[in-house]
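# coords below, sequence missing:
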């Protein structure tokens, strides 16, 4: 059984000097106002975008640039639930989408991932955890240590 170590928000270190290995774009809804797709400039810019979804119902999607017209790519999405953040990361490959709902520890693996279903307590992340997961995923490093995820496959 894996045990989770809780880290204070102030000790979280992000690898902000790393750049995504591919061009990324983002779209968000903040305070019920939706943006158009725009380029992600850097990991620091990405963290600022995540910090911008600060109200209940705000969301952010970051994806491989032009993903809708590509056979392969990935995305990450986060939504502010009012009591934390729901985070999902995904990989798309020739019509199959592998979507992981991310949380802390092995409990998040077992919590499941049903479309439009609620998130378990273990899948409700802090702002710092949300930033850590999304930056790591989009920099091509997968999930950071201590996080787990429940898979849902779309065809």
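Good, I have the coordinates. Keep in mind that what you see is a predicted model, and the values were worked out from it rather than measured. Numbering: from 1, shown residues only.
# ok, the closest residue to residue 136 other than its chain neighbours - contacts?
Setting aside the residues directly before and after it, residue 136 is nearest to residue 144 in space (Cβ to Cβ, 6 or more residues apart in numbering), at 4.9 Å. (Each C-beta comes from the backbone N, C-alpha and C, glycine too.) With contacts defined as Cβ atoms under 8 Å, 6 or more residues apart in numbering, the neighbours of residue 144 are 132-133, 136.
# of those residues, which is the nearest to residue 27?
residue 133 (18.5 Å; Cβ to Cβ).
# test my guess that the closest one contacts residue 148.
No: when contacts are counted by Cβ atoms under 8 Å, residue 133 is not listed as touching residue 148 (10.8 Å).
# the more surrounded of those two?
Using other Cβ atoms under 10 Å as the criterion, residue 133 and residue 148 rank with residue 133 on top: 27 against 21.
# give the contact list for that one.
Contacts of residue 133 (Cβ under 8 Å, 6+ apart): 76, 87, 89, 102, 125, 143-144, 147.
# what about residue 154, how many neighbours?
Counted with other Cβ under 10 Å, residues neighbouring residue 154 total 11.
# next SSE after the worst-scoring helix or strand of the chain on mean pLDDT?
Sorting the helices and strands of the chain by mean pLDDT, DSSP states H and E puts helix 105-110 at the bottom, at a mean of 87. Later in the chain than helix 105-110, the nearest helix or strand by DSSP states H and E is helix 127-138.
# and that next one, what's its mean pLDDT?
Over the span of helix 127-138, the pLDDT mean works out to 94.
# note down every partner strand of the next helix or strand after it and its orientation.
Next along the chain after helix 127-138, taking DSSP H and E as the criterion, comes strand 147-154. When pairing is defined by DSSP bridges, strand 147-154 lines up against strand 96-104 (antiparallel).
# list the buried residues for the strand it pairs with?
Of all the residues in strand 96-104, those buried under the rule 16 or more other Cβ atoms under 10 Å are 99-104.
# what does it rub up against?
4, 86-92, 108, 111-113, 119-120, 122-125, 129, 133, 143, 146-155.
# run the last query once more with 7 Å
The contact list for strand 96-104 (Cβ atoms under 7 Å, 6 or more residues apart in numbering) reads 4, 87-91, 108, 111, 113, 119-120, 122-123, 125, 133, 143, 146-155.
# of those residues, just the buried ones, PyMOL syntax please.
Only the buried members of the contacts of strand 96-104 enter the following PyMOL selection, criterion being 16+ other Cβ under 10 Å:
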select buried, resi 87+88+89+90+108+111+113+119+120+122+123+125+133+143+147+148+149+150+152
